[in-house]
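Trainee: Structure, please.
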Amino acid sequence: MSYENIIFDIKENRAYLTIDRPPMNILNIATMGEMNEAITSLIDNKDVKVLIISGKGEKAFSAGVDVTEHTEEKAEEMLQVFHDIFRNLSKLNQVTIAATKGFTLGGGCEVALFCDMIFAADNLKIGQPEIKLAAIPPIALLIMPRLLGLKKASELLFTGKIIDSKEAEKISLVNTVVPVDTFEEELKNFVQPFTELSLIGLKFSKRGIQLGLENSFLEGLAQIEKMYLEDLMASEDAHEGLNAFMEKRKPNWKNQ
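Mentor: Down below sits the predicted model:
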């Protein structure tokens, strides 16, 4: 399917969603609607194992949501369409990777933060500057303290500070930083290991991490035990993985 504001492509077991509004890849309501359509198409897909989200060009992953759509008459629609991105991403079994170059600000930063991992170029400039407009970033408020801890998250959210790739890597906001000139090749190498795994293993790993974040240790452990015994061990791939190990062969994943 063709889109006006994004490029969405599936190659083998990888899906690529590129925000196609250079140079700053601003997220307006139309763009976010297309992103939601592309993301939801992956919910029941058993072939794709990784979703890579990026921005067109080298200047920006995305500099955020269109300020002109923050007006009183459009704010509710804008917020719901924007937050649908995260509701839909939370439903995916696939590994989600934000491939970020340049400015990754505001809503663009929130999209990157919500992905399972952030793969960054050395020209990255990332932050949540909403506070400077007396506004707030709801998604970042929810998840940045989980990622960075309360003190560092509060510093970034309360000041609206924009940090570079070096500091982002230092505080573990991103997984890795590579030169922008070799970005595409190194991204392929970064993604490759996930494509060799069972989607079932990835699915239940993601679910287990979320259960751990949402519950106390004992509550989370009980739910993960239940998931392991009732769901994971009922899957074909769990048995295939064990059999392949014992038979000293490469597993033949069915992703079910």
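Trainee: what's residue 118 sitting at in phi/psi?
Mentor: phi -120, psi 120 (degrees, to the nearest 10).
Trainee: Setting aside sequence neighbours, what's the nearest residue to it?
Mentor: Once flanking residues are discounted, residue 118 sits nearest to residue 174: 4.2 Å by Cβ to Cβ, 6 or more residues apart in numbering. (C-beta placed from N, C-alpha, C; glycine too.)
Trainee: for that neighbour, what are its contacts?
Mentor: Residues near residue 174 by Cβ atoms under 8 Å, 6 or more residues apart in numbering: 100, 118-120, 124, 126, 165, 168.
Trainee: Of these, just say which sits nearest to residue 214.
Mentor: Ranked by distance to residue 214 (Cβ to Cβ), the contacts of residue 174 are led by residue 118 at 21.8 Å.
Trainee: What confidence value was assigned to the closest one?
Mentor: Note for residue 118: predicted pLDDT of 98.
Trainee: What is the burial count for the nearest residue to residue 127 once chain neighbours are set aside?
Mentor: In space, and not counting its chain neighbours, residue 127 is closest to residue 162: 3.6 Å by Cβ to Cβ, 6+ apart. Applying other Cβ atoms under 10 Å, we find 17 other residues in the vicinity of residue 162.
Trainee: right, and residue 162 touches residue 124 too?
Mentor: No. Taking contacts as Cβ atoms under 8 Å, residue 162 lies outside contact range of residue 124: 9.9 Å.
Trainee: Tell me where the stretch 151-256 of the chain has strands.
Mentor: Assigned by DSSP state E, counting those that start in this stretch, the stretch 151-256 of the chain shows strands spanning 162-164, 176-178.
Trainee: can you pull out the helices in the stretch 101-250 of the chain?
Mentor: Along the stretch 101-250 of the chain, counting by DSSP state H, counting those that start in this stretch, helices occupy 107-114, 138-148, 150-159, 165-170, 183-195, 199-214, 217-230, 236-246.
Trainee: Please name every helix or strand in contact with whatever helix or strand residue 53 lives in.
Mentor: Here residue 53 sits within strand 50-55, counting by DSSP states H and E. Using 3 or more Cβ pairs under 8 Å, 6 or more residues apart in numbering; DSSP states H and E, the elements in contact with strand 50-55 are strand 14-19, strand 60-62, strand 95-100, helix 107-114, helix 183-195.
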